[in-house]
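Participant: Got a sequence here, can you model it:
(chains A, B and C)
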Amino acid sequence: MIETLRFWAIVVLLGLGVLFTFVSTVGVIRLPDVYSRAHTASQTDTLGAGFALAGVAVAFGWQHAAVYTVLLLFFVFITNPTAAHAISRSAAETGVEPILAAEGEDGNETEGDAETDGESR
Amino acid sequence: MTPVPLEDVFLAAAALFVVLAIAMFYRAVVGPTTQDRLLAVNVLGTNTVVILALLAAGLDQSWFLDVALIYALLNFLMSIAISKFTVERGGVL
Amino acid sequence: MSNDGRQEGDVVAVERLLVPLSDTVTVRQTVGYAVQSGLEAADSLECHLVVAMPYDDDSPESDRYSDDADGLLSRAQNWVEEDAGGADVTIETTTLGADEYLFGPRDYAEIFDAYADEHGIDRVVLDPEYQPGVTAQMLQPLERELDRIGLAYDEAPVDRPARRGRLNGGAEGFDRLFATFLISYGFYLLLGDPTYWFDLVTGAAVAGIVAVSLAQVTFTLPLDRVQSPLRVVRFALYIPYLLWEIVKANIAVSVVILRPSMPIEPTLTRVNSRVRSGLPLTALANSITLTPGTLTVRANNQQLLVHTLIPGARDDLFDGGLERGIRFVFYGRKSAAIASPRERDDAEIVGGDEL
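Facilitator: Below you'll find the predicted structure:
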C-alpha cells in the first residue's frame, strides 16, 4: 500500500517536473526577447527542477542521498536567479533593447521580430 | 502493486528531459544575442543537473548526485563569468 | 595659517562651508581641514555641519540613525570649537533628509544643493570616506553628481588608517569566526558522513582554515547573538511563503505561454524598495527573479529595475508581498507591516530607455 502510494507520488512529481520544464522550453523558444525568456527560464529552475528533485528525494527515502537532493535543490534555488540576473543585466549593458508593450496594448510581437532584431549584432 | 518498476519511471522521465534539452538547444544555436544563448545554456545546465539526479535514482547510483552538485556549481560560475565577459569585452574577466 | 590673503575688501568676508558628516575614521580630520581651509580663505567662517539621514522616519533603522546623528553632530561641534581657537567661527548643525527617503548619490547631491542655495554656501568639504548609512562607497558618484549640479566641493586631504580596522572588535570577531566555522563544518558533514571519524577530523580542519581565511568577508550584516539566529529561523518561515508565491506565479505564466495567442505584456518597472543594500536587497532581488513573471534587471541603491511579463505578476510586485517577507526576515514582524510600493508611490512603469 505504502509502496503504491509512493510510486504514484513519484510519478505525479516527475510528471509535474516534466510539465513545467516543457512549458519553460516552449517559452524560451516562443517568447520574443531575452528578458521575457529569462522569466520562463526561471520556471525550469524553480518548479521543473523542484518537482523532479522532490521525486528523486522521495525515491531515496530516508537516506543520506535524499539530503543531497534537497541540498542540490537549495543550491539551484540560490544560484539560478543570480545567474539570470547577471545574464539580463549583461544584456541591458550591452544594449539589447527590451520589447515592451505600449501602455494598455498587448505585446504580441512574434518571434520573427526578435530574430530580425538580433541580426544587427 | 506498481504497474512498472520505479527505475523505469525515472529513466523515462530522464529521457523526456533529454528531449526537452534538445529542444532548448534550438535557442542556444539560433540566439540571436549572446545573452539568449547564454540563457539557453544555463537552462540546459539546470536540465543536466536534473537528468543526473534522475539517473542517480533510476540506476541507483547515488554518487551521481555528487556529479550533479559539482555540475550545478560550474553551471553557475560559467553563467556569471560569461555574462561578465560580454559586458567587459577585452578585459580578461 | 595666514589670514592676510583676503584682507583687501572692506567688507569682512565670510566663508560658508557645508560639511556632510558620517561616522567614519576620517571624519575628525575632515572637520579639522574644513575649519583650517575656511579660515585661510576668509576672516570668519560659517561652518554648517550636516548629517544626511539615509532612512525616513518609518524605516526600522531610523531611530538608531537619528540617535547616532545627534551624537555625531555634537561631537563635531566640539571639534570645530577646538580647532577654531579664538577665530570667528559660527557653527550650524542640522540633519537633512529625515522626511524623505534618500536612495543614491543623486539624492544626496540634490539635498546638499538645496541646503547650499538656502544658506548661501560657498563650498562643500567632503570626507573621502563619506558613507551615509549605506554600505556602498559613496564618494566618487557623489562627486560626479555635485559636478553635474555645479556645486563647488573640496575633498579633505586625510591620512587614511587601514580600512576595516574598526570592524574587528573582540567579541564580534570571535562571533564571525565561530559562525563561519559552524556553517562550513555543518556543510562538510552534510556532504560527508557525520559518524565516520575521518570526516569529522578533516571537516574540522577544513572548516578551521575556511573560518580563519574567510570570516572577515562572509557576513555583510553585523552579527548579533540574538538577532542573527532569529533571522535564520525567520528565513526558514519565509521559504514556504516564497514557494507558494513561486507556484502561483508559475501557473499564471504557464497559462499565458501555452495559449496560442500568448497574451504577454512585457513592461519595465522601477520599484524603490525599503530594504537595506547588501544581503537584504540581494535576497529581495533574488526572490523577485525566482518568481516567474518578474525579473530584476538592475539593483542599485535600493532601486530595482524589474522586467515584468504579465500584468498579474506586475500587480503582485507592486503589492510588495515579497518585500514584506524580506523585511520580516531581516527586521522582524513589526517592520513587515508597511505600505505596498504602490501605495507609497514607489513603483512606476518606465520605458525601455531606462536600461
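Participant: Report pLDDT for residue C:336.
Facilitator: On the pLDDT scale, residue C:336 is placed at 69.
Participant: Kindly report the same for the one 10 residues further on.
Facilitator: pLDDT, residue C:346: 69.
Participant: what bridges to residue C:308?
Facilitator: residue C:267, residue C:294 (DSSP bridges).
Participant: Spell out which parts of the stretch 1-150 of chain C neighbour chain A.
Facilitator: With the criterion set to C-beta under 8 Å from any C-beta of the partner chain, the stretch 1-150 of chain C never comes near chain A. The C-beta positions use only the backbone N, C-alpha and C, and glycine is treated the same way.
Participant: Sketch out the low-pLDDT regions of the stretch 1-150 of chain C for me.
Facilitator: For the stretch 1-150 of chain C, applying pLDDT under 70 flags the ranges C:1-12, C:54-65, C:98-104, C:132-138.
Participant: which SS class is residue 17?
Facilitator: Just going to use chain A. Using DSSP: H, G, I helix; E, B strand; the rest coil, the structure places residue A:17 in helix.
Participant: try again with chain C
Facilitator: Assigned with three-state DSSP, residue C:17 falls in the strand class.
Participant: Kindly report the same for residue C:344.
Facilitator: Residue C:344 - assigned by three-state DSSP - is coil.
Participant: For chain A, which segments count as helices?
Facilitator: A:2-30, A:34-43, A:49-60, A:64-93, A:111-119 (DSSP state H).
Participant: In chain A, what residue lies closest to chain C?
Facilitator: Closest residue of chain A to chain C, C-beta to the nearest C-beta: residue A:81 (3.7 Å).
Participant: Who are the contact partners of that residue?
Facilitator: Shown in contact with residue A:81 (C-beta atoms under 8 Å, 6 or more residues apart in numbering or on different chains): A:42, A:45, C:285, C:286, C:287, C:289, C:290.
Participant: In contact with the fourth one, which residues?
Facilitator: When you say that, I think you mean residue C:286. A:78, A:81, A:82, A:85, C:296.
Participant: Also the first one?
Facilitator: For residue A:42, the residues meeting the contact criterion (C-beta under 8 Å, 6+ apart) are A:80, A:81, A:84, C:289, C:290, C:291, C:292, C:295.
Participant: burial count for the residue in chain B that chain A sits nearest to?
Facilitator: Residue nearest to chain A within chain B: residue B:32 (2.1 Å; C-beta to the nearest C-beta). Neighbourhood size, residue B:32 [other C-beta atoms under 10 Å in any protein chain shown]: 19.
Participant: and it, that's in a strand?
Facilitator: No. Assignment of residue B:32 by three-state DSSP gives coil, placing it outside any strand.
Participant: Give me the pLDDT for it.
Facilitator: 81.
Participant: Distance of it relative to chain C?
Facilitator: Going from residue B:32 to chain C by C-beta to the nearest C-beta, to the nearest Å gives 17 Å.
Participant: Could you report the distance from that residue to residue A:33?
Facilitator: Applying C-beta to C-beta, to the nearest Å, the value for residue B:32 to residue A:33 is 10 Å.
Participant: Which residue is the nearest non-sequential neighbour of residue 45?
Facilitator: Picking chain A for this. Spatial nearest neighbour of residue A:45, chain neighbours left out: residue A:80 (3.9 Å); criterion: C-beta to C-beta, 6 or more residues apart in numbering or on different chains.
Participant: Let me rephrase: I mean chain C.
Facilitator: Once flanking residues are discounted, residue C:45 sits nearest to residue C:38: 4.0 Å by C-beta to C-beta, 6+ apart.
Participant: Which neighbouring elements make contact with the helix or strand harbouring the one you found?
Facilitator: Using DSSP states H and E, residue C:38 sits in helix C:27-41. Helix C:27-41 is packed against strand C:14-21, strand C:44-52, helix C:62-84, strand C:88-96, strand C:123-126, with contacts defined by 3 or more C-beta pairs under 8 Å, 6 or more residues apart in numbering or on different chains; DSSP states H and E.
Participant: Show me the one of these that comes nearest residue C:328.
Facilitator: Residue C:328 lies closest to helix C:62-84 among those, at 17.7 Å (C-beta to C-beta).
Participant: Let me see the residues that make contact with the closest one.
Facilitator: Outside helix C:62-84, the residues that touch it by C-beta under 8 Å, 6+ apart are C:19, C:21-23, C:27-28, C:31-32, C:34-36, C:39, C:45, C:47, C:49, C:51, C:53-56, C:89, C:91, C:93, C:95, C:98, C:133.
Participant: Determine which of the helices and strands packed on helix C:27-41 approaches residue C:253 most closely.
Facilitator: helix C:62-84 (37.3 Å).
Participant: Buried residues in the closest one, which are they?
Facilitator: Going by neighbour count (16 or more other C-beta atoms under 10 Å in any protein chain shown), the buried part of helix C:62-84 is C:65, C:66, C:68, C:69, C:72, C:73, C:76, C:77, C:79, C:80, C:83, C:84.
Participant: any idea how far the last one is from residue C:324?
Facilitator: If I follow you right, that is residue C:84. Distance from residue C:84 to residue C:324, by C-beta to C-beta: 49 Å.
Participant: One more: the third one?
Facilitator: Note on residue C:68: its distance to residue C:324, by C-beta to C-beta, is 26 Å.
Participant: now do the second one
Facilitator: Going from residue C:66 to residue C:324 by C-beta to C-beta gives 24 Å.
Participant: cool, the fourth one as well?
Facilitator: With distances taken as C-beta to C-beta, residue C:69 is found 27 Å from residue C:324.
Participant: for the record, mean pLDDT for stretch C:268-275?
Facilitator: pLDDT averaged over stretch C:268-275 gives 80.
Participant: Dump that stretch to CSV, restricted to CA.
Facilitator: Provided in CSV are the C-alpha atoms of stretch C:268-275 (Å, rounded to 0.1, in the frame of the first residue of the first chain):
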residue,chain,number,x,y,z
LEU,C,268,9.9,47.6,-17.3
THR,C,269,9.1,48.9,-13.9
ARG,C,270,11.1,50.7,-11.2
VAL,C,271,10.5,49.8,-7.6
ASN,C,272,12.1,51.7,-4.8
SER,C,273,12.4,49.0,-2.2
ARG,C,274,12.6,49.7,1.5
VAL,C,275,15.2,47.2,2.4
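Participant: for it, the distance to its chain's centre please.
Facilitator: 15 Å (C-alpha atoms, centre = their mean, to the nearest Å).
Participant: ok, now stretch C:117-133?
Facilitator: How far stretch C:117-133 lies from its chain's middle: 18 Å, per C-alpha atoms, centre = their mean.
Participant: Check stretch C:228-239 too.
Facilitator: 22 Å.
Participant: before we move on, the earlier item: which among the contacts of helix C:62-84 count as buried?
Facilitator: For the contacts of helix C:62-84, a neighbour count by 16+ other C-beta under 10 Å gives the buried set as C:19, C:21-23, C:27, C:31-32, C:34-35, C:39, C:45, C:47, C:49, C:51, C:53-55, C:89, C:91, C:93, C:95, C:98, C:133.
Participant: Leaving out chain neighbours, which residue sits closest to residue C:87?
Facilitator: residue C:39 (5.4 Å).
Participant: ok, which stretches of chain B are helices?
Facilitator: Counting by DSSP H, the helices of chain B are B:6-30, B:34-58, B:64-87.
Participant: Tell me, how many residues neighbour residue C:154?
Facilitator: Neighbours of residue C:154 (other C-beta under 10 Å): 14.
Participant: any idea of the pLDDT on the closest residue to chain B within the stretch 151-300 of chain C?
Facilitator: With C-beta to the nearest C-beta, the shortest gap between the stretch 151-300 of chain C and chain B falls at residue C:191, namely 8.0 Å. According to the predicted model, the pLDDT of residue C:191 comes to 82.
Participant: What's the separation between it and residue A:71?
Facilitator: 8 Å.
Participant: Same check on residue C:25?
Facilitator: 41 Å.
Participant: what does residue B:47 give?
Facilitator: Between residue B:47 and residue A:71 the computed distance is 19 Å (C-beta to C-beta).
Participant: quick one, which of those two is more surrounded?
Facilitator: Taking neighbours as other C-beta under 10 Å, residue B:47 and residue A:71 compare with residue B:47 leading, 24 against 17.
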